[in-house]
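Colleague: Predicted model, plus sequence, below.
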Amino acid sequence: MVTAIIGKEHYRTELIASGKTVIADEPEDLGGTDTGPAPGEFLLMSLASCTAITIRMYADRKQIPLDGVRVEVSMEKNDFKTTLKRELYFTGNLTAEHRTKLFEIAEKCPVHKTLNSPIQIETTIA
């Protein structure tokens with residue numbers, strides 16, 4: 001579970017997960033104080049971090065000589081569709097076969113799978 005708490009500060013929000021707190025906010029030009037990433041950026045960070053971790057786990061398990069991975073995720077929206085664009089950058093002494101396999105593994109990251117599945121949000125008032 002994740003908890004979001006906002007008071008009267010525009011629009012600084014405390015997010016609490018597993019006993020850890022991070023701050024979400026809006027940029028100053030939208031009335032926020034720019035003290036943390038905007039809410040939509042957390043979605044992108046979730047996909048980017050899950051992808052990087054999934055690739056790292058696989059590379060470690062298969063002893064692939066991956067020195068590092070950088071994942072960049074951006075979002076494009078229009079009236080009909082939202083597209084997340086993900087770019088993978090690998091460093092290390094990798095063969096073409098390694099790179100292809102790491103690309104395939106990126107597609108199996110749990111957040112990627114969740115975002116590609118139908119999502120239903122149920123809201124209640126407590």
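Modeller: Right, received. Where do you want to start?
Colleague: can we go C-alpha only for contacts and neighbour counts from here?
Modeller: Noted.
Colleague: Just the helices from this structure, written as ranges.
Modeller: 39-61, 96-106, 110-115 (DSSP state H).
Colleague: Distance check, residue 106 against residue 16.
Modeller: 27 Å (C-alpha to C-alpha, to the nearest Å).
Colleague: Same drill for those two, tell me which one is more crowded.
Modeller: Shown here are residue 106 and residue 16; by other C-alpha atoms under 10 Å, residue 106 has more neighbours (23 against 15).
Colleague: show me the contacts for the more buried one.
Modeller: With contacts defined as C-alpha atoms under 8 Å, 6 or more residues apart in numbering, residue 106 is in contact with 51-52, 54-55.
Colleague: do you know how far it is from residue 14?
Modeller: When residue 106 is compared with residue 14 (using C-alpha to C-alpha), they lie 30 Å apart.
Colleague: re earlier: among the helices of the chain, show me which one is buried the most.
Modeller: helix 39-61 (a mean of 17; mean count of other C-alpha atoms under 10 Å).
Colleague: If you count contacts, what does it end up packed against?
Modeller: strand 66-77, helix 96-106, helix 110-115 (3 or more C-alpha pairs under 8 Å, 6 or more residues apart in numbering; DSSP states H and E).
Colleague: Out of these, the one nearest residue 21 is which?
Modeller: Residue 21 sits nearest to helix 110-115 of all those, at 20.6 Å, using C-alpha to C-alpha.
Colleague: Switch the helices and strands packed on helix 39-61 over to JSON lines; also include distance to residue 28.
Modeller: Below are those laid out as JSON lines (distance: least, C-alpha to C-alpha, whole Å):
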{"stretch": "strand 66-77", "distance to residue 28": "20"}
{"stretch": "helix 96-106", "distance to residue 28": "34"}
{"stretch": "helix 110-115", "distance to residue 28": "29"}
